[in-house]
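Okay, sequence plus prediction incoming.
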2 protein chains.
Amino acid sequence: MSEALAPGSRIGILGGGQLGRMLSVAASRLGYLCHVYDPMPNPPAAHVAAKLTIAAWEDKTALAQFAADVDVITFEFENIPTATLDFLEPLRAIRPGRNALAISQDRLHEKEFLRGLGLLTAPFRAVDVREDLVTALEELGMPAILKTRRMGYDGKGQALLEGAGDIDKALATMGGAAAILEGFVAFSHEISVIAARGLSGEVAAYDPGENLHKSGILRETRIPARLSANQRSDAVLLAANIMNSLDYVGVMAVELFVTQAGLIVNEIAPRVHNSGHWTQNGCAIDQFEQHIRAITGLPLGDGSRHADVLMENLIGDDLEHLPELLRARNVAVHLYGKPEVRPGRKMGHVNRILS
Amino acid sequence: MSEALAPGSRIGILGGGQLGRMLSVAASRLGYLCHVYDPMPNPPAAHVAAKLTIAAWEDKTALAQFAADVDVITFEFENIPTATLDFLEPLRAIRPGRNALAISQDRLHEKEFLRGLGLLTAPFRAVDVREDLVTALEELGMPAILKTRRMGYDGKGQALLEGAGDIDKALATMGGAAAILEGFVAFSHEISVIAARGLSGEVAAYDPGENLHKSGILRETRIPARLSANQRSDAVLLAANIMNSLDYVGVMAVELFVTQAGLIVNEIAPRVHNSGHWTQNGCAIDQFEQHIRAITGLPLGDGSRHADVLMENLIGDDLEHLPELLRARNVAVHLYGKPEVRPGRKMGHVNRILS
């Protein structure tokens, strides 16, 4: 642990949403203090952070003060403006590094990177203009999904194409942004691997979880996922392969489609992930602590699991079920402290300990 | 839940040590914000609290502002000056209430209260002057322990008497403070019950843990404790009896000696307790969240346990073992963020998940 940050060191977190909030709590368990940077006032992480900066991503004075105040910088979401990272990078170590972020910020680069590693992805074509889309649809067939290359999350910036009549509407959804067409993948279910790579290159992975989405938003993750022993080890090795090739430091989520042709990579997220929330109540060391361990140079936890878990997101009006959830046996409630309930907004989650 | 505090409400915590710190984290999980009040700068809870007041217990301006800022007040230790509580009580609800605090602040009142409930305690005598002690020793025999009636913790303010030659030294340890002599109890082991009583009177208890002390400081708690089924239910019912008689709201710890004559109450603590830290990794709902649920009027969690756990305190130089603890399988590390290691100082704890 010679290169590990000493207890009492300060971790800078870009983004103060629920992921930053839970990272801050995990950091406190290891004796670290967190300084959260977010452009919006009163972010969820503010309630549990030692220090808070509310300033724009473009505010170089605030960014410089933030970098000077912390010992390492991490982030809770991948859509941080490139210029912000360009400014911070020479001032303080950013973990995970820029290359992982750059790849995951662009769906086209991400797919090309994954193919370059010999991994399977959905068939895809770059779509910059209408003609590209027409050609791509001829080659990949329908149904297909048009997605913006950048800044998409929770199903936003996506359009399903089921016939030629959908072309104009789909292009309108892109709003002129560079896009990618993804061909149809016949999959039985989706899983995700939450894995971590430490500063010295060691890798640890949690047991893959099985995800259920509705309207593009994750609704639940069940552990264990339905997988053969071979699929399980393939999934974990594949995640390790991705992290090693990026010299990655931190927790990464890899979403995979389970198909008859094998495991197809849907997307990667260079951060803690909603589908890893179950680790809070299923493991001695959860994904948030694992990420903090990785970026501070501490040894990784082993990721072993002591329970089966069903994680259910609380989205918008789901909060109405809170009274019964609080009374339920073996159910852990995790709320994010967001002041306003809005449709589609993630307000919290519960982990049901199943065994 | 009509009388429960809504998410976003503010909880005031008197005392910002490790217990206040872990209470603040638990409150955040339920969507509450914490305001911590402590006389010492940079207390451990400051790293994870939404708001902090550093002011003396006698600072009425600061106390009034604190009370006005929060929706309910609780505390992390029982030795808060009476005048502070007298001042706060008319301004804002304090939970648990003053009566439990008053009893637990005075070892003599505590023992008389417990006897009044028909519970067993060690034999005891009040000791105000030297003559009291001489008489008490004649009646109770030796070995015996002289303890200050008020403000003792972690073995401080205590003196063992094994012969008449120890009398003067023991009295000197008291420094003129009112004291109590406790007679010898032959016990096989010590356990503690961590239980909670909600605002509407419902009670929940965790499985009792078995405590090992060294030099008056808790070293470890093991769950389950060595108890017969009858002893286990006796212990829990006894804790419920104590809480009901006080119309108690919150988590209480009851330390018990297991003897051939039955369970003898050693002491009660009207707060979350070191011997309940194992619940963080053994239960869906830990003692800190249970306390927050109780004082905010939420339903209590059921307290069921999904694992056997060994909790070990990290005291002073124990921190040297941190590298191996971080690498150990199924070990959860919890550090308190205290800047200086001092002999006898509780720096953190680990929960070993045993099964």
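Alright, I've got the coordinates. None of the values given here were measured: they were computed from a predicted structure.

okay, CA-based contacts and neighbour counts for the rest of this
OK.

quick one: contacts for residue A:140?
A:123-124, A:182-184 (Cα atoms under 8 Å, 6 or more residues apart in numbering or on different chains).

what stretches of the stretch 151-300 of chain A score poorly on pLDDT?
A:152-155 (pLDDT under 70).

So which residues on it come close to chain B?
Neighbours of chain B within the stretch 151-300 of chain A, by Cα under 8 Å from any Cα of the partner chain: A:281, A:283-285, A:298-300.

swap the cut-off to 7 Å and go again
Proximity of the stretch 151-300 of chain A to chain B (Cα under 7 Å from any Cα of the partner chain) is limited to residues A:281, A:284-285, A:299.

between those residues, which is nearest chain B?
If you rank those by distance to chain B using Cα to the nearest Cα, residue A:284 comes first, at 5.1 Å.

Could you double-check that that closest one lies in contact with residue B:334?
No - if you go by Cα atoms under 7 Å, residue A:284 and residue B:334 don't touch, sitting 10.9 Å apart.

hmm, back to that, what two of the contacts of residue A:140 are the furthest from one another?
A:124 and A:184 (9.5 Å; Cα to Cα).

Among those two, which residue is more densely surrounded?
Set side by side, residue A:124 and residue A:184 show more neighbours around residue A:124, with 22 against 15, by other Cα atoms under 10 Å in any protein chain shown.

residues in contact with that one?
Neighbour list for residue A:124: A:180-183 [criterion: Cα atoms under 7 Å, 6 or more residues apart in numbering or on different chains].

Among those, which one has the most neighbours?
Within these, neighbour counts (other Cα under 10 Å) peak at residue A:181, which reaches 28 neighbours.

Can you give me the separation between that one and residue A:174?
Distance of residue A:181 to residue A:174, computed by Cα to Cα, to the nearest Å: 11 Å.

Helices along chain A, start to end?
In chain A, the helices defined using DSSP state H lie at A:18-29, A:60-69, A:82-88, A:98-104, A:107-116, A:130-140, A:167-174, A:229-245, A:279-282, A:287-296, A:322-327.

who's in contact with the longest one?
Contact partners of helix A:229-245, identified using Cα under 7 Å, 6+ apart, comprise A:193, A:195, A:197, A:203, A:205, A:254.

do that again at 8 Å, thanks
Helix A:229-245 is touched from outside by A:114, A:117, A:119, A:193, A:195, A:197, A:201, A:203, A:205, A:207-208, A:249, A:252, A:254, A:256, A:263, with contacts defined as Cα under 8 Å, 6+ apart.

dump the residue contacts of residue A:36.
So residue A:36 contacts A:12-16, A:20, A:45-46, A:49, A:51-53 (Cα under 8 Å, 6+ apart).

and with 10 Å instead?
When contacts are counted by Cα atoms under 10 Å, 6 or more residues apart in numbering or on different chains, residue A:36 touches A:11-17, A:20-21, A:24, A:43, A:45-46, A:48-54, A:66, A:73-75.

And for residue A:86, the neighbour number?
11.

Now do the same for it: its pLDDT.
Looking at residue A:86, its pLDDT reads 94.

Surely it and residue A:98 touch.
Yes - at 8.9 Å, residue A:86 counts as touching residue A:98 under the criterion of Cα atoms under 10 Å.

shared neighbours of residue A:284 and residue B:334, anything?
Shared contacts of residue A:284 and residue B:334, counting by Cα under 10 Å, 6+ apart, come down to B:280, B:351.

For residue A:195, give me its contacts.
When contacts are counted by Cα under 10 Å, 6+ apart, residue A:195 touches A:203-208, A:236-237, A:239-240, A:243, A:250-254, A:271-272, A:276, A:287, A:290-291, A:303.

re earlier: what do residue A:181 and residue A:174 both touch?
A:146-149, A:158-159.

Sitting in strands, which of these do you find?
Counting by DSSP state E, the shared contacts of residue A:181 and residue A:174 place A:146-148, A:158-159 in strands.

Return the closest of these with respect to chain B.
Nearest to chain B among those, with distances taken as Cα to the nearest Cα, is residue A:158, at 31.9 Å.

which strand residues sit across from the closest residue to that closest one other than its chain neighbours in the sheet?
Excluding the flanking residues, the one nearest residue A:158 by Cα to Cα, 6 or more residues apart in numbering or on different chains is residue A:147, at 4.5 Å. Using DSSP bridges, the bridge partners assigned to residue A:147 are residue A:158, residue A:180.

Based on its surroundings, how many neighbours for residue A:147?
Residue A:147: 28 neighbours (other Cα under 10 Å).

dump the residue contacts of it.
Contacts for residue A:147 (Cα under 10 Å, 6+ apart) come out as A:107-108, A:126-127, A:155-160, A:170-171, A:173-174, A:177-182.

distance of residue A:99 from residue A:227?
Between residue A:99 and residue A:227 the distance is 31 Å, computed by Cα to Cα.

In CSV, list the C-alpha atoms belonging to stretch A:97-104.
This file holds the C-alpha atoms of stretch A:97-104, laid out as CSV (Å, rounded to 0.1, in the frame of the first residue of the first chain):
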residue,chain,number,x,y,z
GLY,A,97,-8.3,7.9,-17.0
ARG,A,98,-9.4,10.0,-19.9
ASN,A,99,-9.1,7.2,-22.5
ALA,A,100,-11.9,5.2,-20.9
LEU,A,101,-14.1,8.2,-20.6
ALA,A,102,-13.4,9.3,-24.2
ILE,A,103,-14.4,5.8,-25.5
SER,A,104,-17.5,5.6,-23.5
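
which parts of that stretch are buried?
Applying a neighbour-count criterion of 16 or more other Cα atoms under 10 Å in any protein chain shown, one finds A:97-98, A:100-104 buried in stretch A:97-104.

what's the spacing between it and its chain's center?
13 Å (Cα atoms, centre = their mean, to the nearest Å).

Quick check: bridge partners of residue A:314?
residue A:348.

what is the residue nearest to residue A:133 when sequence neighbours are not counted paired to in the beta sheet?
Excluding the flanking residues, the one nearest residue A:133 by Cα to Cα, 6+ apart is residue A:127, at 5.5 Å. Note on residue A:127: beta-bridge partners by DSSP bridges are residue A:179.

Could you tell me the end-to-end distance of stretch A:4-15?
Start-to-end, stretch A:4-15 (Cα to Cα) is 23 Å.

I misspoke; the intended subject was stretch A:140-151.
24 Å.

Please list all residues in contact with the nearest residue to residue A:208 once chain neighbours are set aside.
Ranked by Cα to Cα, 6+ apart and with sequence neighbours excluded, the top spatial neighbour of residue A:208 is residue A:193, at 4.7 Å. Neighbouring residues of residue A:193 by Cα under 10 Å, 6+ apart: A:205-210, A:232, A:235-240, A:252-256, A:268, A:273, A:275-276.

Please pick the buried ones from the contacts of helix A:229-245.
A:114, A:119, A:193, A:195, A:197, A:203, A:205, A:207-208, A:249, A:252, A:254, A:256, A:263.

of the ones in strands among the shared contacts of residue A:181 and residue A:174, buried ones?
Neighbour-count burial (16+ other Cα under 10 Å) applied to those gives A:146-148, A:158-159.

Got the phi and psi for residue A:32?
Backbone torsions for residue A:32, taken as degrees, to the nearest 10, come to phi -90, psi 160.

Tell me, how many residues neighbour it?
Residue A:32: 24 surrounding residues under other Cα under 10 Å.

is it true that it touches residue A:298?
No - judged on Cα under 10 Å, residue A:32 makes no contact with residue A:298 at a distance of 11.8 Å.
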